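K.L.:
structure for this input, please:
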Amino acid sequence: MLNLKKIIESKKFYWSVAVFFIVLAVIAVTALPAYQPKKQQTLSQEDLAKLVKPAVVRIIQHATGQAIIPNFELDLKNLSIKLLPNQPSKPQVVDEYISGSGFIVNSEGYILTNAHVVSLEVVKELLLERALQQSLETTAGSNQGELKTLLENEQSLLIFAENAFNLLRTNSDFVLKGQITVLNPSEPQEHLFSLLQTGFSAEIISVNENFLADDKDLGLIKINAANLPTLELGNSEQVSVGNKIYIFGFPSTAEFNRKSPLESTLTQGVVSAIKYSQNKDFKIFQTDAKISQGSSGGPLFNENGQAVGLITFQTAQLQKFEGDNFAFAIPIYLAKGVIEKKQIPNTASSYSLHFQRGLSLFYDRGCKKAIGEFKNASLTNLDFVGNKHLENYVKQCNELIAQGKSVDNAFKAAVVFIKSIKGFTWFIILGRLILIGLGFWVFFWIIKRVKKDETEINFLQAQLQEELERKNKLLFQLEQKGVELPLPNQELHAASRRQLNIPHPHLIDFIKEAREIGLSDENIKQELKNCGWPEEEILQALNL
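P.N.:
Down below sits the predicted model:
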């Protein structure tokens, strides 16, 4: 008969082995080399351009009104400026156009740009600088020597210019009105005045009018439009010197024939330095990427297409003759603070989602689905994206479909996967498949063995139950016959009888009756031992 305890212990062992091989098989499955389609880990420059460009806009501020700037004269020898109160100033008509860039951060029409692109403060600064420049040119006509000396002393010139500017600013009066327009990218017109008529009128949501003093050149405007492409805001705190960056904007130096006023320009470079702002309360990114007037407000973005900075200004006019010019950008976390304060979410637009899904399918050669995603992306907003923006990807996909190289179902995907496996990788896969097979074989063998042990356990339990019932039945029959189990030491001469090796008569009678009704000697022996009879006396009686 099987040992029940050993069977139970072996069952625990089998289950432990089964769990071990299951874990081993899972590890083998997860370690199989996954199919990696030919997909770029980072976006190409073309991909970046397609992702970012629709969110970059050209902004025009038209300032009108009048300005009264007091008459003054410059003393180049003493580096001083003198107001002429006896010569009353005449109001001058203001009709200025300020051009800049911006980028959409929310699909409901919210656009980040520079404060100096949308603030009237920059118009005042422009008018005052123009007045100072005209006076300087007039004065320098008869004082070339003094002008030469002044230009050679850059620090003195800067201090002089700042003092003159502040004096004029304090004593000037301005009555100005600004109209901000975001040009419609889909407009076929080439003339600025026509573009202003068909553009999107913008309202100022937030603008830092103190940008000249604190360098936080930030403005937030809104146009009445929906489902616009957006640019994701990245983490500017991770930017370091040497990082590759890109800039999108509308630099005036790129408009060589004025025929493409709505075509933004992509430039690239590296972060060449990180410097403090003039109040040393935040740092400014310096880059060698090309910009010019008109680039202000455009995004400085990384290789993932995330804006990490906002283009603010370029090398100062007085330093340009000294060498190469640089672009400067304020960190994007300052802009994040503005839009978060206004509770404006910066979430991925429909265009971004469709384009990036299409791009992933494109590099996986799932061309039919990729074309669908690219078309959906193009249709999100015909003004800012347009039907032709992604046609290059669609064209390449159609060529792959025509050549039978498009992977558009599970069978083709499996074929591509198999073809992508080469050399020693096959041996690795084969070894792991064998390990997986062995693991499952052991698992099912153990289940079969456990089931067999369970059958044997059930059989043993049935036998034990049957034996117990039989024993109880026999004992019941003894009781019915009136045969009682004799108890030892219940006679006067028990000790003398044992010395003479004479068995107790009641013991002999009990054994005889028990044998007659079918009890085995082993059962009789056990029952008598339970009543306290010594084993040697039981054996003596059984052997008679």
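K.L.:
mind listing the helices for the stretch 101-250 of the chain?
P.N.:
For the stretch 101-250 of the chain, the helices defined by DSSP state H, counting those that start in this stretch cover 115-118, 121-140, 144-152, 154-170, 192-198, 211-214.
K.L.:
now do the buried residues in the fourth one.
P.N.:
So that's helix 154-170. Going by neighbour count (16 or more other C-beta atoms under 10 Å), the buried part of helix 154-170 is 157, 160-161, 164-165, 167-168. The way it works is simple: take the backbone N, C-alpha and C, and place the C-beta from them, glycine included.
K.L.:
pLDDT on that helix, on average?
P.N.:
Per-residue pLDDT over helix 154-170 has a mean of 84.
K.L.:
mind putting the buried residues of helix 154-170 into TSV with distance to Lys525?
P.N.:
Formatted as TSV, the buried residues of helix 154-170 follow (distance: C-beta to C-beta, whole Å):
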residue	distance to Lys525
Leu157	125
Phe160	127
Ala161	124
Ala164	128
Phe165	123
Leu167	128
Leu168	128
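K.L.:
in terms of residue numbering, what are the domains of the chain?
P.N.:
Split into domains by automatic domain parsing, the chain comes to 55-341, 348-416.
K.L.:
I'd like these laid out as TSV, including distance to Gln461.
P.N.:
What follows is these, written out as TSV (distance: least, C-beta to C-beta, whole Å):
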stretch	distance to Gln461
domain 55-341	67
domain 348-416	51
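K.L.:
centre of the chain to the longest helix seen in the chain, how far?
P.N.:
Longest helix in the chain, counting residues (DSSP state H): helix 425-481. Chain-centre distance of helix 425-481: 52 Å, with C-alpha atoms, centre = their mean, to the nearest Å.
K.L.:
quick one: contacts for Asp408?
P.N.:
By C-beta atoms under 8 Å, 6 or more residues apart in numbering, the residues touching Asp408 are 366-369, 401.
K.L.:
from Ile538, how far out is Lys529?
P.N.:
7 Å (C-beta to C-beta, to the nearest Å).
K.L.:
compare these two (neighbour count), which wins?
P.N.:
For Lys529 versus Ile538, neighbours defined as other C-beta atoms under 10 Å are more numerous around Ile538 (22 against 12).
K.L.:
can you tell me the SS state at that one?
P.N.:
Following DSSP: H, G, I helix; E, B strand; the rest coil, we place Ile538 in the helix state.
K.L.:
any idea how far Ile446 is from Gln235?
P.N.:
Rather than Gln, residue 235 is Asn. 52 Å.
K.L.:
looking at the two, which is more packed in?
P.N.:
Neighbours were counted for Asn235 and for Ile446 using other C-beta under 10 Å; Ile446 has more, 20 against 13.
K.L.:
quick check: what element follows the strand or helix carrying Val271 along the chain?
P.N.:
In this assignment (DSSP states H and E), Val271 forms part of strand 265-276. As assigned by DSSP H and E, the chain's next helix or strand after strand 265-276 is strand 283-287.
K.L.:
show me what that following strand is packed against.
P.N.:
Contact partners of strand 283-287 among helices and strands, from 3 or more C-beta pairs under 8 Å, 6 or more residues apart in numbering; DSSP states H and E: strand 244-249, strand 265-276, strand 306-314, strand 327-331.
K.L.:
now with 7 Å?
P.N.:
In terms of contacts (3 or more C-beta pairs under 7 Å, 6 or more residues apart in numbering; DSSP states H and E), strand 283-287 is packed against strand 265-276, strand 327-331.
K.L.:
tell me the mean pLDDT for whichever strand or helix holds Ile371?
P.N.:
Using DSSP H and E, Ile371 sits in helix 367-379. Over the span of helix 367-379, the pLDDT mean works out to 94.
K.L.:
what of stretch 98-105?
P.N.:
Averaging pLDDT along stretch 98-105 yields 96.
K.L.:
stretch 197-215 too?
P.N.:
94.
K.L.:
what residues of it count as buried?
P.N.:
If you call a residue buried by 16+ other C-beta under 10 Å, then stretch 197-215 has these buried ones: 199-200, 202, 205-208, 211-212, 215.
K.L.:
between those residues, which is nearest Lys341?
P.N.:
Comparing those against Lys341 with C-beta to C-beta places Ser206 closest, at 7.8 Å.
K.L.:
which ones are touching that closest one?
P.N.:
219-220, 338, 342 (C-beta atoms under 7 Å, 6 or more residues apart in numbering).
K.L.:
any quick ChimeraX command for the buried ones out of the residues you listed?
P.N.:
Selection of the buried residues among the contacts of Ser206 in ChimeraX, burial being defined by 16+ other C-beta under 10 Å:
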select :219,220,338
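K.L.:
show me which pair in the contacts of Ser206 is furthest apart.
P.N.:
Between all members of the contacts of Ser206, the longest pairwise span (C-beta to C-beta) is found for Gly219 and Lys342 and amounts to 12.3 Å.
K.L.:
got the contacts of Ser206 as CSV, with pLDDT columns?
P.N.:
Shown next, in CSV, are those (pLDDT from 0 to 100):
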residue, pLDDT
Gly219, 97
Leu220, 98
Val338, 95
Lys342, 95
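K.L.:
so of the contacts of Ser206, which ones are in strands?
P.N.:
Using DSSP state E, the members of the contacts of Ser206 that fall within strands are 219-220.
K.L.:
dump the contacts of Ser206 to CSV, plus distance to Lys275.
P.N.:
What follows is the contacts of Ser206, written out as CSV (distance: C-beta to C-beta, whole Å):
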residue, distance to Lys275
Gly219, 22
Leu220, 25
Val338, 22
Lys342, 29
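K.L.:
and of the contacts of Ser206, the nearest to Phe510?
P.N.:
Out of the contacts of Ser206, the member with the shortest distance to Phe510 (by C-beta to C-beta) is Lys342, at 103.7 Å.
K.L.:
wait, that closest one touches Leu218, no?
P.N.:
No: at 11.8 Å, Lys342 does not count as touching Leu218 under the criterion of C-beta atoms under 7 Å.
K.L.:
and Asn472, how many neighbours?
P.N.:
Asn472 - counted by other C-beta under 10 Å - has 10 other residues nearby.
K.L.:
quick one on the thing from earlier: could you dump the helices and strands packed on strand 283-287 into CSV with mean neighbour count added?
P.N.:
Output for those, formatted as CSV (neighbours: other C-beta atoms under 10 Å):
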stretch, mean neighbour count
strand 265-276, 16
strand 327-331, 25
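K.L.:
any stretches of this protein with poor pLDDT?
P.N.:
1-41, 140-154, 315-324, 409-427, 464, 467, 471, 474-501, 544 (pLDDT under 70).
K.L.:
what angle do the longest strand seen in it and strand 244-249 make?
P.N.:
As assigned by DSSP E, the longest strand anywhere in the chain is strand 92-106. Calculated by axes from the mean of the first three to the mean of the last three C-alpha atoms, to 10 degrees, strand 92-106 forms an angle of 130 degrees with strand 244-249.
K.L.:
strand 92-106 - which strands sit beside it in the sheet, and in what orientation?
P.N.:
According to DSSP bridges, strand 92-106 forms sheet pairs with strand 56-68 (antiparallel), strand 110-113 (antiparallel).
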